[in-house]
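> Provide a 3D model corresponding to the input given below.
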Amino acid sequence: MKIVHLCLSNFYIDNYSYQENMLPKYHQKMGLDVSIIASLVSFDNHGKPCLLDGAKTYYANDGYKVVRLNYKGGALGRLNSFIRIYENLMPTLKAEKPDVLFIHDYSFMDIIPVMKYAKENNIKVFVDCHTDYINSASSWVSKHIFHHIIWRKIGKWMVNDVEMFYGVTPLRCDFLKDAYHLPDNKVELLRMGIDDDYFKERKQLNVGESLRKELSIENEFVILTGGKIDYLKNIHLVLEAFRNISSKYPDATLVVFGNIDPEVKVEMERLLDFPKIKFVGWLSSNQIMDYFIMADLIIFPGTHSVLWEQAIGTGTPAVFKYWKGIDHVDVGGNSRFLYKDSVEEITLTLDDILKDDKKVYNEMLHKATTIGREEFSYSNIAKESIKSIGI
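Presented below is the predicted three-dimensional model:
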């Protein structure tokens with residue numbers, strides 16, 4: 001059976017661990033013939049968005065075929081790149097002869113001929129959504145013109161020909177229903193997660209122990225935080241809180257990773273100057289996995305990123321800022337939530353987790369390792385994503 005993934009609403013980045021990479025990888029491991037048709041939008045070596053040189057076809061490291069398409073040029077080239085109309089999309093798609101289409105966000109104008117072709121050829125279609133009112137639909141035009149008129153109208157037009165629309169968080173499930181007026185029975189949660197093959201491989205290589213030795217923290221209780229370090233991520237609050245409790249828990253070390261935004265640089269440099277805090281700078285996605293494996297506790301006290309789900313997938317207890325519609329990262333006690341952007345709340349939360357010989361922590365660890373790893377592994381998520389076709 002042939003499944004084609006369409007990554008035409010945004011980016012596709014080779015060798016990352018995003019859903020656009022992981023679902024094709026694990027669909028192929030399930031025995032499906034897998035191809036990706038993607039835009040030229042990618043990331044450069046510094047993690048910044050960029051455009052690749054031009055249309056090309058190649059094979060990913062995981063073995064599936066990738067076809068990159070440019071926007072249609074000509075007099076309307078600029079408009080085509082804005083509304084996402086592609087050169088040679090339909091001939092390329094027809095040449096792949098899919099039995100199943102998995103569309104990663106449908107907000108590209110070429111979705112209309114794609115869905116007509118799918119309907120005419122009885123192709124099973126699944127659509128996911130990474131959009132919500134936080135990361136998109138923030139301007140009046142985006143919200144009321146594109147999402148509430150254009151993409152809503154197209155969504156309602158195609159709904160009967162789609163097996164399921166997946167929101168990758170509960171918040172994004174709500175967005176599908178609110179912004180596009182899709183019915184409840186056509187919307188389900190499909191979690192993001194972790195590359196569990198790679199996780200198991202790195203665990204077997206004892207990368208956690210190696211990192212602890214490298215950082216001279218072999219016998220420490222390691223708390224990890226990081227990512228994009230700016231005021232929205234609240235990493236500075238974690239540093240303040242940790243400094244408050246460090247003398248009470250001398251066996252604890254805080255490890256911080258990421259790029260520091262210029263606006264917080266002076267404050268971060270002051271806070272990082274502390275004996276029990278180690279700053280390791282920017283990490284690749286594979287390196288972040290190693291640090292998750294090393295950590296005893298992970299804390300992300302700001303805005304959501306895919307690192308949250310990846311942290312849960314490693315079976316590591318975690319602390320997150322509470323966001324309505326993003327509470328799926330708690331699978332019954334593996335996680336704690338922060339409700340205020342305050343040093344005091346983070347201090348009290350860390351103290352509660354670490355006190356009494358880490359009684360609370362050990363309960364969190366049990367839930368994290370027995371439930372978190374299972375529910376947030378891409379080998380399971382990939383099966384869930386196309387379960388209705390009986391594979």
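> for stretch 84-97, how far is the first residue from the last?
22 Å (Cα to Cα, to the nearest Å).
> And it, what's buried?
Going by neighbour count (16 or more other Cβ atoms under 10 Å), the buried part of stretch 84-97 is 84, 85, 86, 89, 92, 93, 96. Using the backbone N, CA and C atoms, a C-beta is placed for each residue, glycine as well.
> Please apply the same query to stretch 139-146.
residue 146.
> And stretch 297-311, by the same measure?
Buried residues in stretch 297-311 (16+ other Cβ under 10 Å): 297-304, 306-311.
> Okay, and which of the residues you listed map to strands?
Using DSSP state E, the subset of those located in strands is 297, 298, 299, 300.
> got the contact list for residue 215?
253, 255, 278, 280 (Cβ atoms under 8 Å, 6 or more residues apart in numbering).
> out of the ones in strands among the buried residues of stretch 297-311, who's nearest residue 106?
residue 300 (29.0 Å; Cβ to Cβ).
> Secondary structure element for the residue lying closest to that closest one once chain neighbours are set aside, which one?
Nearest non-adjacent residue to residue 300, counting by Cβ to Cβ, 6 or more residues apart in numbering: residue 320, 5.4 Å away. Residue 320 belongs to strand 318-321 when assigned by DSSP states H and E.
> pLDDT on that strand, on average?
Across strand 318-321, pLDDT averages out at 97.
> Does anything pack onto the next helix or strand along the chain from it? Which helices or strands?
For strand 318-321, the following helix or strand on the C-terminal side (DSSP H and E) is strand 335-338. The contact analysis (3 or more Cβ pairs under 8 Å, 6 or more residues apart in numbering; DSSP states H and E) places strand 335-338 against strand 318-321, helix 343-367.
> any residues touching strand 335-338, and which ones?
301, 312, 317-322, 327, 329-330, 345-346, 349, 352-353, 364.
> which among these end up buried?
Of the contacts of strand 335-338, these count as buried by 16+ other Cβ under 10 Å: 301, 312, 317-321, 329-330, 345-346, 349, 353, 364.
> Quick one: end-to-end length of stretch 118-136, please.
28 Å.
> What strand or helix carries residue 292?
Applying DSSP H and E, one finds residue 292 within helix 285-294.
> Same list (the contacts of residue 215) but as a markdown table, adding distance to residue 109, pLDDT and neighbour count.
Below are the contacts of residue 215 laid out as a markdown table (distance: Cβ to Cβ, whole Å; pLDDT from 0 to 100; neighbours: other Cβ atoms under 10 Å):
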| residue | distance to residue 109 | pLDDT | neighbour count |
| --- | --- | --- | --- |
| 253 | 51 | 97 | 23 |
| 255 | 45 | 97 | 23 |
| 278 | 48 | 96 | 17 |
| 280 | 43 | 95 | 16 |
